[in-house]
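Enquirer: mind folding the following:
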Amino acid sequence: MTLGAAQAGSGAGVSIRPAVRGDVARLFDLVRELAEYEKLAAAVKGDAERLGRALFEERTAEALIAEADGAAVGYAIFFTTFSSFECRPGLWVEDLFVKPDWRGRGIGRGLLGHIAGLALARDCARLEWSALDWNKPALRLYDGLGASRLEEWRMLRLEGDALRRLGAGGGIEE
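Expert: Purely as a prediction, here's the structure:
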């Protein structure tokens, strides 16, 4: 998919394509940029090698790259979910990031549009993601796309020691 001048807003064409194995190092660099932007750089525990295995060997996720003049200017990582109520798959967007100098040119919308097209082609019931409450520019974009905010839902997470404790005990108390 190529965003033309009217879509990208800068006169320079931006293309969006599925990531390939050769993109892993620059994709991981973008992951680190996103972590810095979200003030979560210390939370990055993986590396390019692990990301490559997840994307291209285990196939637990997929990635898109947005490029301008051969340079990566944004990316998205997403994976399949499942809705028991719909009895159909969905797609979860784990990361959506556009470099600051390239924001406001339709690239984020283009990445989400590409994923939405995949969701439709795969007969998915929904496309979902989360956003930090302080990221007002992103929230404005998502509102403009018609995304619903699920205010009544809370995201929960088990990791580290809590995950190990529950996993080791099987979750059933005697």
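
Enquirer: dihedrals phi and psi, the spatially most central residue of the chain?
Expert: By Cα atoms, centre = their mean, the chain has its centre lying nearest to residue 95, at 2.4 Å. Residue 95 adopts backbone torsions of phi -130, psi 140, taken as degrees, to the nearest 10.

Enquirer: dump the residue contacts of residue 89.
Expert: Contact analysis of residue 89 by Cβ atoms under 8 Å, 6 or more residues apart in numbering lists 80, 81, 82, 83, 122, 123, 124, 125. Glycine gets a C-beta too; all of them are placed from N, C-alpha and C.

Enquirer: regarding it, what is its secondary structure?
Expert: Secondary structure, DSSP: H, G, I helix; E, B strand; the rest coil: residue 89 is strand.

Enquirer: do I have it right that residue 105 meets residue 14?
Expert: Yes. With contact defined as Cβ atoms under 8 Å, residue 105 reaches residue 14; the gap is 7.0 Å.

Enquirer: more neighbours: which of those two?
Expert: Legend: neighbour count by other Cβ atoms under 10 Å for residue 105 and residue 14, higher for residue 14 (26 against 23).

Enquirer: tell me the spacing between the more buried one and residue 141.
Expert: With the distance defined as Cβ to Cβ, to the nearest Å, residue 14 ends up 16 Å from residue 141.
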